[in-house]
Each structure stands twice: as C-alpha cells, then as structure tokens.
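Asker: pasting the sequence and the predicted coordinates here, then a few questions.
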Amino acid sequence: MTTQVGVVGAGAFGTALALYCARLGHRVRVWAYDEGLPERVKAEGENAVYLPGFPIPKDIPFTNEIAEAVEDAELVLLVVPSGFMRSVSEKLAPHLPAEALITSTAKGIEQDTLALMSEVLAEKLPHHAPNAAYLSGPSFAKDMASGLPADVTLASADIGTARHVQAILHSPLLRVYASDDVIGVQLGGALKNVIAVACGAAHGLGLGASAVASLMTRGLAEMARLGVALGANPLTFLGLAGVGDLTLTCTGELSRNRQLGQQLATGKPAKEIVASQKSVAEGYRTSAAVHLLAEREGVEMPISEAVYRVCHEGASLFDEATRLMSRERKDELAGIFLQR
C-alpha cells in the first residue's frame, strides 16, 4: 500500500522518518523550516546539518513551502520540537488536506500553557485533532536511518485511527504497537527527557551505574504518578513509551538530554549549553513545565524538581544530589499508582 506522506520538520528524526517511509515504498515530501536547507540537501545529497552521512534519494524532495510538502498527503507527520508545534500547526492548517491523517512525534510539554501536543492540536487543527495519533518509544534517528530494528507505540483516542497509521508505518524493521492512551504515551515521551538529564549528570559526576539505575527507576515512579494524576493508564509507563524510551534516553550515547546532563556536570550553565546546540534537548524546557504541572496537581517529583532547579534556578548539582539522598525514609511503592 503506497501512501503520500508529508513530513513536517527536517531535523534528524524528520529526515530519518522520511528515509524510512521511502524505504517502505511510500511517496514522501519534507518541509524544512531552515531557509536554504532544501537547496543544500539537493546539492549535497544528504541533510548535513541535522543527519549527516545518510544519502537522501532525489525522489524525496525538501521544500520551504509547507503547502507543497503536504499537497495531497494522506499521512502528515509532525516532526517538530514541542515549543514550535503551535506556530507550525497554525502555519500548516490552511494547507492540510481534509482527509489527511496526522501524527505527532513531539516529545515535550508546551512551557507557557502546560499543554500536551494533543491540546495544542485541538486548538490549531480542530478538524483533524480528534483522530490525531501520537508516536513515541525508543527510536534514535540514526538507528532508524541506518535501518536498524526498533519498536514504538502509536496512540490515538480512536484506536481505529491508530491501527490505520500503524498499517502504513509498521514493518519488520519498525514494529508499531497501537494504543488508545493518548495522555500516557505523550507524557512518557516528554517526562523521560527530564530523567535523562539527571542520569547524564550522575554519569558526568562519576556517581556510578547504581546511581543511574536508581534515578531511572525512581524517575519511572515519578512519571507514573504524574501520568495517573492527568488521566493516563499507569500500565503505559511500563511499555515502550515509558520504560522503553526511558532506558534508551538515559543510557544511549546519542541522547541529547543525557548529553545535556553530562555537560551540566562540567559546571556549564544550562542556558549556555542549550543556546550552543543546533538540535533541541527537550528535557530543558520540559523540566520547567513539569515543575509547574507537579505543583498544580500536588504530585511529588523530587528528581524532576532537582533537574528544574539546576537548569532554571542555577542550583548546584552536588547540593541537589545530596538533597535527593537525604530525603526521609519511604515505602517503595507508596502512592505510585494512586488513583484520584
């Protein structure tokens, strides 16, 4: 089944998805925000800015015209950082085919409004949002572009839509699992980035593998607590969008969020690190949103709070690590899956 796919976003993951979809036999066009990038891709035969070393076939056109990228598209993949989802979807709205399926791959929370991407799309793409899908799970762009195997989760409030998009994207190299937990899948993808910053910092400080494993495990408890408070299925966090993506992002050398934590351990301020990066480490912005969400919902998230304090308040990593280890004694499973 050949499908016309419009990829909105020409970063590393957008480019990798375009290559993957073309490999499946789909027709693909890619919208790039960066002026001049389409010409450079055409001339160099690769996206050297975001995903160097991977040849891009001539039949995958890149364009700065969003209308051109999604013309006649049956599936539109929104592959933009969460902080740009609102402005890009607003730009996309007049050109989106009425029957197009849309799928977001953004892993973050809007900082100013604390909105999930599903809430942003409900405002900006109201016709399409009720059946939109949200893709998450352990999947580095370079692995996907290399044709290495991976599994992901695809959630839609309408499970039939999730299964429709699943049929388009599923292959022996990318197993796509359908879900109807839109909130849980989005939160898993967003919250694991914050925990990955903490794990990168622990690694950078030389605190040992045991500390990293502890941060991952207790971080998963925080993810589940906030997820349940916001209406997610707690079991989602034991799946690909939760523990799967958490494991990859906290331990993988290619993880931008882990790298951010490692650089924080050298004493560099978070703002300086983030400003120097071409690609986005979502955990930086998401930590600020999680700080406010946890406060609003009355959910205890000490690791996420420590990341927030270091990234946005200039707190000392050593002081935050000491504070985490000096907290009062607790029962391990107390309140993890507490339903409201």
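Answerer: Nice, thanks for sending it over.
Asker: what is the least confident helix or strand in the protein?
Answerer: The least trusted helix or strand in the chain, going by mean pLDDT, DSSP states H and E, turns out to be helix 270-275, with a mean of 90.
Asker: would you map out the domains in this structure?
Answerer: 4-180, 193-325 (automatic domain parsing).
Asker: tabulate the ones you listed (a markdown table), appending mean neighbour count.
Answerer: The way it works is simple: take the backbone N, C-alpha and C, and place the C-beta from them, glycine included. Converted to a markdown table, the domains of the chain look like this (neighbours: other C-beta atoms under 10 Å):
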| stretch | mean neighbour count |
| --- | --- |
| domain 4-180 | 19 |
| domain 193-325 | 20 |
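Asker: coming back round to it: and the contacts of the least confident helix or strand of the chain?
Answerer: With C-beta atoms under 8 Å, 6 or more residues apart in numbering as the test, helix 270-275 has contacts from Leu260, Gln263, Leu264, Ala281, Tyr284, Val310, Cys311, His312.
Asker: and the furthest pair within those residues?
Answerer: Gln263 and His312 (15.6 Å; C-beta to C-beta).
Asker: got the contact list for Lys222?
Answerer: To be clear, residue 222 is Glu; Lys isn't right here. Contact partners of Glu222, counting by C-beta under 8 Å, 6+ apart, are Leu191, Ile195, Val299, Glu300, Met301, Pro302, Ile303, Ser304.
Asker: for it, which non-adjacent residue is closest in space?
Answerer: Met301 (4.3 Å; C-beta to C-beta, 6 or more residues apart in numbering).
Asker: okay, that neighbour: pLDDT?
Answerer: Among the per-residue scores, Met301 holds a pLDDT of 96.
Asker: go on, Phe337?
Answerer: The model reports Phe337 with a pLDDT of 58.
Asker: and what of Ser279?
Answerer: pLDDT at Ser279 comes out at 73.
Asker: closest to the centroid, which residue in this protein?
Answerer: Lys107 (2.3 Å; C-alpha atoms, centre = their mean).
Asker: surely that residue and Asn193 touch.
Answerer: Yes - with contact defined as C-beta atoms under 8 Å, Lys107 counts as touching Asn193 (6.3 Å).
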